[in-house]
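In: following is a predicted model, sequence given first.
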Amino acid sequence: MRWILAVVLMLTLLPAYARAQTVQFGVGATVSSFGYDQNELDTSRIFWGGQARLRVMKYLGGEVSVQTREDNFDFQLGEIKLNTTPLQLSGIVYPLAMFPVTPYFLAGGGWYFLKATIRGDVDLPFVFGEGTIQVTETAPHIGVGVEAFVGNHFSFGADIRKVFLNFETSLINYKLNAYFVNVGATFYF
């Protein structure tokens, strides 16, 4: 009987505790490296972008991030210029949020906007000369990271995200073993 009273009391006090916690909203800049498992892609370039984060009850959060990158690579007797713009939405769990430096786990989904400009003969059916192909793919991701607060309003962080990305069109069926390595800074209001 006592444990039922304790559970009822905890469930009654939990919403009051949640209202007492502050909600933090922050915006920041990120630099990312996106690693492909394809030898012909130029992996020395990085993504530049930004993020917005919302933390609720210290232990839970959400993030929206957008970045951009351009790759150039030779394929057969032609050249492909690939512009990639990922837009990711992530849920974040901070298991040790009571500390100024805390690890976090994230999972979510993203939209990957791809624009390929093709020049020359890339040995694809019906593709020769110069042209542009635009594809939007969705893919889930999971990751782990760490965020370190400097004061109450500024944080630095880094994470690694595994992206399960496949490009499927009538011309291309391409599965990438892709990882994002993100480093960023966020200012919370």
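Out: The structure has been received and is ready for your questions.
In: so where do the strands sit in this protein?
Out: Applying DSSP state E to the chain gives strands spanning 24-35, 47-56, 60-75, 77-93, 101-121, 130-150, 154-168, 173-188.
In: would you mark the buried spots in the second one?
Out: By 16 or more other C-beta atoms under 10 Å, the buried positions in strand 47-56 come out as 47, 49, 51, 53, 55. Any C-beta I mention is one placed from the backbone N, CA and C, and that applies to glycine too.
In: can you tell me the centre-most residue of the chain?
Out: Most central in the chain under C-alpha atoms, centre = their mean is residue 88, positioned 4.7 Å from the mean C-alpha point.
In: tell me who's in contact with that one.
Out: Contacts for residue 88 (C-beta atoms under 8 Å, 6 or more residues apart in numbering) come out as 63-66, 108-110, 141, 161.
In: make a PyMOL selection of the buried ones in the residues you listed.
Out: Here is the PyMOL command that selects the buried residues among those (16+ other C-beta under 10 Å):
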select buried, resi 63+65+66+108+110+141+161
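In: now tabulate the contacts of residue 88 in CSV and tack on distance to residue 32.
Out: Below are the contacts of residue 88 laid out as CSV (distance: C-beta to C-beta, whole Å):
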residue, distance to residue 32
63, 13
64, 14
65, 9
66, 11
108, 15
109, 17
110, 12
141, 12
161, 9
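In: the residue nearest to the centre of the chain pairs with what?
Out: residue 65, residue 110 (DSSP bridges).
In: coming back round to it: could I get the strands of the chain as TSV with mean pLDDT?
Out: Shown next, in TSV, are these (pLDDT from 0 to 100):
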stretch	mean pLDDT
strand 24-35	90
strand 47-56	94
strand 60-75	88
strand 77-93	89
strand 101-121	90
strand 130-150	90
strand 154-168	90
strand 173-188	86
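In: circling back: pick the one among the contacts of residue 88 closest to residue 152.
Out: Nearest to residue 152 out of those is residue 63 (C-beta to C-beta; 19.1 Å).
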